[in-house]
Structure formats: C-alpha cells, structure tokens
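*Asks:* give the three-dimensional model of this entry:
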Amino acid sequence: MDPNLYQAASQLSPDEGRVARLYALAVSPGEASGLESHVRKGLWVVAALLLGCGLIFWVAANWQEQSRMFRLGLIQGALLVSVLTACLWPRVRPAALFCATLVLGGLLAFVGQTYQTGADAWQLFAVWAALALIWVALSRSDWLWLLWVLIAATGIAMWTGRFDLWDGLSDGPDSQTQALLNMALWLLLAVVPALVSQISVLRVQGGMGWWSHRVALGCALAGWTGLGVMQVLAGYDGHISVPVLMVAALLIGGALWLSLKGRFQHFVCICLATLAVNALVLALVGRWVAQDIGVESFLIFGLIAMGCLGLSVRWLMGVQRSLRAQEVAP
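*Replies:* Numbering: from 1, shown residues only. Below is the predicted model of the structure:
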C-alpha cells in the first residue's frame, strides 16, 4: 500500500468519489514500468564485468608463461573486440564500452609497467579518463559516466598524493595555492554530470545521470571536507588558512543549496552535503576544545556532536516529508 496516497485519501470527505479512486491507487500493485529494459541492461553490464574479470584472472594465472608481445596483443585484442562490438551491436553498446573502458586501463597499466615510462600514477588515470572520454560521452549511458567519474576522481586523489587523512594531518596541510587548485579540480568533476545533462548530443536517458551525479558530488564533498578539516586541525603554529577554509565552506554550502532547490534537488545529495557540513563544523569545534585538554573538553565535544547529529536528522526528516509532499501534490 502506498502510504502517501492513503494519507491523502484520509484527508478528503468520505462523500467524495475521489476517496475510492485514491484508495484503489494506494492498494493497487501497479506495473513495473520499463523493468524489462532495466533488467536487460543490468545483465549486459554484469556480463561485461564477468568477461573483463575472466580475462584478468586468466591473464594473472598464465602471465609468467606468456611472452611480452603475446600479453600486449591479448590486451589490445580485447580492447579492439569490445570497441567493434559496441560499433556493430548497438543493443549491447553500453556493456561493450564498459568492458572497453576497463581493458583500456589495463592496457595503460601494462605499458607503463613493462616499458617503465616513469610517469606518476595520477598521470595514468588522467590519460585513462581522457582517452575513454570520447566513447563515454557518445554512449549517453549513466553507468559509463559513473565509471568515468570514479577514474577521474582517483586521478585527482592521486595527484594530491594523499589517500589517508592521517597522513595529511601528520605532514601538515597543503599550501594555499595547491589546496585552492585541488578544490577547483573537485568542482570541475562535480559539475560534469550537470554539464552533460545540458548538451542534447551527450544527454543520458532521462535527462540527468543521477548515479554519476551522486558519485561526483560525493567525491567532491569528500575532497572539500578533507581539505577543510586538514586546514583546521593541522594548521602550522595554530594558524588557519582562512581563504581555503572559506572556499571549502562556500563550496559545501553551495552544494547543499543546489541540492535543495531547482532541477538538482535530490535527497541523497542533501544527505551527503549535510554530512560534509557536520564534519567541518565538528572539526572547528574539536580545534576549539582541544586548546584545553581534559575530561570536560571531551564531554563538551561529545554533547555538541550529539546535538549536531540530532538537529541534522530532524531537519533531514522534515526535508524528506516536504519532498514527498511535492511529489504527491500533482
């Protein structure tokens, strides 16, 4: 039973005929619109993953016994077959290009490891994302954009050289210029799905690639929050880089505002932005209470953290009820 329709029916007069119609809609099982198409696409993607993993496992098991040219030819052949399949068989194009994107990364890694190009790890992911961008953009598939966002995010994270927040705290924060550039890169990644939805040639089915949008925004929020927290907790000689902290706060606040309003309104993105706001606020509170080490400081921090959590959950529940009401209103 649909609780929203049932609640709407309970608020009408019993004499109105709309009550019976709303009740019938509330208890009707409904039809799975487009379920067959989604299941078919999902199975093709799973098949591409299984083929890619099977190739990787077979190569790993027989890698030492094969010559260098055979290894290179095998990976290149897999890439060629995937691309040709995507060109000649439109029905399985997203799955074939998904497999081609994975194989392309393996090919770049093999070339870099075999011939010792001397490139950094982030350069491999940058080239991987740049080369795969051609068919990812033309495929108009949200799943391919999701994979591309993960590749680009890994490249940005490797460019900073820090995957662990503890390493950043122990080594000290980045310079102001490097931190601002890093935040700009995360901003570019976050707006990619939105830009794609504005271009008719590249727009995915449905207009907006919500999976790629969620992942891109989540990665950007993690990057902004991590940079802000490192500036707060690891400032040299007690000094906080105010421009970096303000830019991080503005970017997180802007992401929250956009997720609440307009065509980018989405509850999952609202939750992610709210989590980032809480992390930044609690980092500032932690720095403040850390100036006086003692039991009272930990107690104050714990109370403030619980208060932030309670207020955030209550506010998010109100936002969720508002969004549901907007969906039911038409």
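
*Asks:* please count neighbours and contacts with C-alpha atoms only from this point.
*Replies:* Fine.

*Asks:* from Ala220, how far out is the closest residue to Cys99 other than its chain neighbours?
*Replies:* Nearest non-adjacent residue to Cys99, counting by Cα to Cα, 6 or more residues apart in numbering: Ala48, 5.4 Å away. Distance, Ala48 to Ala220, using Cα to Cα, to the nearest Å: 28 Å.

*Asks:* just Ala184 next, same as before
*Replies:* Distance, Ala184 to Ala220, by Cα to Cα: 10 Å.

*Asks:* what do you get for Trp58?
*Replies:* Taking Cα to Cα, one finds Trp58 at 36 Å from Ala220.

*Asks:* what helix or strand does the residue most central in space within the chain sit in?
*Replies:* The structure's the chain has its C-alpha centroid closest to Val215; by Cα atoms, centre = their mean the separation is 1.0 Å. Assigned by DSSP states H and E, Val215 belongs to helix 210-233.

*Asks:* neighbour count winner among Trp58 and Ala220?
*Replies:* Under the neighbour definition other Cα atoms under 10 Å, Trp58 and Ala220 were set side by side, and Ala220 has more, 26 against 11.

*Asks:* list the contacts for the residue nearest to Cys99?
*Replies:* Counting by Cα atoms under 8 Å, 6 or more residues apart in numbering, Ala48 touches Ala95, Ala96, Phe98, Cys99.

*Asks:* host element of Cys308?
*Replies:* In this assignment (DSSP H and E), Cys308 forms part of helix 295-328.

*Asks:* mind listing what's buried in that helix?
*Replies:* Across helix 295-328, burial judged by 16 or more other Cα atoms under 10 Å covers Ser297, Phe301, Ile304, Ala305, Cys308, Ser312, Leu316, Leu323.

*Asks:* now do the last one against Ser197, distance only.
*Replies:* When you say that, I think you mean Leu323. Taking Cα to Cα, one finds Leu323 at 22 Å from Ser197.

*Asks:* do you know how far Gly307 is from Gln123?
*Replies:* Relative to Gln123, Gly307 is positioned 43 Å away (Cα to Cα).

*Asks:* let me redo that: Ser259
*Replies:* For Ser259, the distance to Gln123 - Cα to Cα - is 32 Å.

*Asks:* likewise for Pro94?
*Replies:* The span separating Pro94 from Gln123 equals 26 Å under the rule Cα to Cα.

*Asks:* between the two, tell me which one has more neighbours.
*Replies:* Pro94 (24 against 14).

*Asks:* same for whichever strand or helix holds that one, what does it pack against?
*Replies:* For Pro94, the element it lies in under DSSP H and E is helix 93-115. Counting contacts by 3 or more Cα pairs under 8 Å, 6 or more residues apart in numbering; DSSP states H and E, helix 93-115 packs against helix 35-62, helix 68-88, helix 121-139, helix 142-160.

*Asks:* in the last one, what's buried?
*Replies:* Read it as helix 142-160. Under the neighbour-count criterion of 16+ other Cα under 10 Å, helix 142-160 has 142-159 buried.

*Asks:* cool, and the third one?
*Replies:* Of the residues in helix 121-139, those buried under the neighbour-count criterion (16+ other Cα under 10 Å) are 122, 124-129, 132-133, 135-137, 139.

*Asks:* got the CA positions of the helix holding Pro94 in PDB?
*Replies:* C-alpha atoms of helix 93-115 as PDB (Å, rounded to 0.1, in the frame of the first residue of the first chain):
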ATOM      1  CA  ARG A  93      26.800  -0.900 -26.700                       C
ATOM      2  CA  PRO A  94      26.900   0.300 -23.000                       C
ATOM      3  CA  ALA A  95      28.100  -3.100 -21.800                       C
ATOM      4  CA  ALA A  96      30.800  -3.400 -24.500                       C
ATOM      5  CA  LEU A  97      32.100   0.100 -23.900                       C
ATOM      6  CA  PHE A  98      32.100  -0.600 -20.100                       C
ATOM      7  CA  CYS A  99      34.300  -3.500 -20.800                       C
ATOM      8  CA  ALA A 100      36.500  -1.500 -23.200                       C
ATOM      9  CA  THR A 101      37.000   1.200 -20.600                       C
ATOM     10  CA  LEU A 102      38.200  -1.400 -18.100                       C
ATOM     11  CA  VAL A 103      40.500  -3.000 -20.600                       C
ATOM     12  CA  LEU A 104      41.900   0.400 -21.600                       C
ATOM     13  CA  GLY A 105      43.000   1.000 -18.000                       C
ATOM     14  CA  GLY A 106      44.700  -2.400 -18.000                       C
ATOM     15  CA  LEU A 107      46.500  -1.700 -21.300                       C
ATOM     16  CA  LEU A 108      47.800   1.600 -20.000                       C
ATOM     17  CA  ALA A 109      49.000   0.000 -16.700                       C
ATOM     18  CA  PHE A 110      50.700  -2.800 -18.700                       C
ATOM     19  CA  VAL A 111      52.500  -0.400 -21.000                       C
ATOM     20  CA  GLY A 112      53.600   1.800 -18.000                       C
ATOM     21  CA  GLN A 113      54.800  -1.200 -16.000                       C
ATOM     22  CA  THR A 114      56.600  -3.000 -18.900                       C
ATOM     23  CA  TYR A 115      58.400  -0.200 -20.600                       C
END
